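Trainee: The following comprises the amino acid sequence and a computationally predicted model.
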Amino acid sequence: MTSSPGQRPLRADARRNAERLVGAAREVFAERGVDVPLDDIARHAGVGNATLYRRFPTRQDLLEAVYRDRVEQIGARAAELLATTAPDEALTTWLLEVVRDGSSSRGFTATLKSALQTQGVDVAWCRNRIQDAAEHLLTRAQKAGAVRPDVTAVQLLKLANGIAFSTEHEPDADHQAEQLLTLTLTGLRPS
């Protein structure tokens with residue numbers, strides 16, 4: 001856990017507390033969802049709630065810290081698929097992985113939804129990373145004739161997020177997510 005650009009580096013104890021809070025939040029969000037009281041996360045991390053609120057003033061700040069690595073991995077995966085896979089297969093594979101990741105994680109879909117809907121600079125890194133990845137994959141698939149030209153990356157991400165959100169509590173979430181995504185992608189193909 002590092003400080004943001006323009007901020008002083010965290011002291012060692014502050015960095016450890018922040019890392020403990022992020023780890024505790026990851027566990028508690030996975031177990032109980034993202035609406036859990038933040039004070040419960042502070043207790044789980046073994047720190048006071050003032051420490052939590054000083055480092056993460058809002059729930060969204062904490063969610064972003066928890067899922068930052070995941071967002072970076074999603075962006076990196078898109079770049080890998082762009083370089084190695086046919087356009088339609090790259091887009092389908094990436095979307096399926098995003099949906100599966102979201103449906104298996106109570107909270108990741110909420111973080112992506114917030115990032116896509118919020119215009120603040122706090123979430124710009126997440127929104128930009130995900131949208132850039134989706135736009136590159138989508139544009140390539142559209143140029144190959146695999147996806148209708150009127151589809152936007154934001155629409156595609158909203159559909160993927162909706163699928164992930166609607167399947168995240170299902171016992172066969174991966175299977176349902178794959179079926180729903182297949183239906184969605186069929187509708188996106190040119191007639």
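Mentor: In hand now; what should we look at?
Trainee: next SSE after the helix or strand hosting residue 15?
Mentor: Element membership for residue 15, per DSSP states H and E: helix 12-32. Downstream of helix 12-32, the next assigned helix or strand under DSSP H and E is helix 38-45.
Trainee: got the CA positions of that next one in CSV?
Mentor: The C-alpha trace of helix 38-45 is given here as CSV (Å, rounded to 0.1, in the frame of the first residue of the first chain):
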residue,chain,number,x,y,z
LEU,A,38,-17.3,-0.1,8.3
ASP,A,39,-16.7,-0.2,12.1
ASP,A,40,-16.9,-4.1,11.7
ILE,A,41,-14.0,-3.9,9.3
ALA,A,42,-12.0,-1.8,11.7
ARG,A,43,-12.6,-4.3,14.5
HIS,A,44,-11.7,-7.2,12.2
ALA,A,45,-8.5,-5.5,11.3
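Trainee: Following element in sequence after that helix, please.
Mentor: With DSSP H and E, the next secondary element past helix 38-45 is helix 49-55.
Trainee: So which residues make contact with that following helix?
Mentor: Defining contact as C-beta atoms under 8 Å, 6 or more residues apart in numbering, one finds that helix 49-55 is touched by 14, 17-18, 21, 38-39, 41-42, 45, 62. Yep, even glycine has a C-beta here, placed from its N, CA and C like the rest.
Trainee: Neighbour count and pLDDT added to these, as a markdown table?
Mentor: A markdown table is the format used below for the contacts of helix 49-55 (neighbours: other C-beta atoms under 10 Å; pLDDT from 0 to 100):
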| residue | neighbour count | pLDDT |
| --- | --- | --- |
| 14 | 15 | 79 |
| 17 | 22 | 88 |
| 18 | 23 | 89 |
| 21 | 25 | 93 |
| 38 | 17 | 93 |
| 39 | 12 | 94 |
| 41 | 27 | 94 |
| 42 | 22 | 95 |
| 45 | 21 | 95 |
| 62 | 26 | 87 |
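Trainee: can you list the domain ranges for the protein.
Mentor: According to automatic domain parsing, the chain comprises the domains 12-57, 66-188.
Trainee: which stretch in those domains has the least confidence?
Mentor: Of all the domains of the chain, the segment with the smallest mean pLDDT is domain 66-188, scoring a mean of 85.
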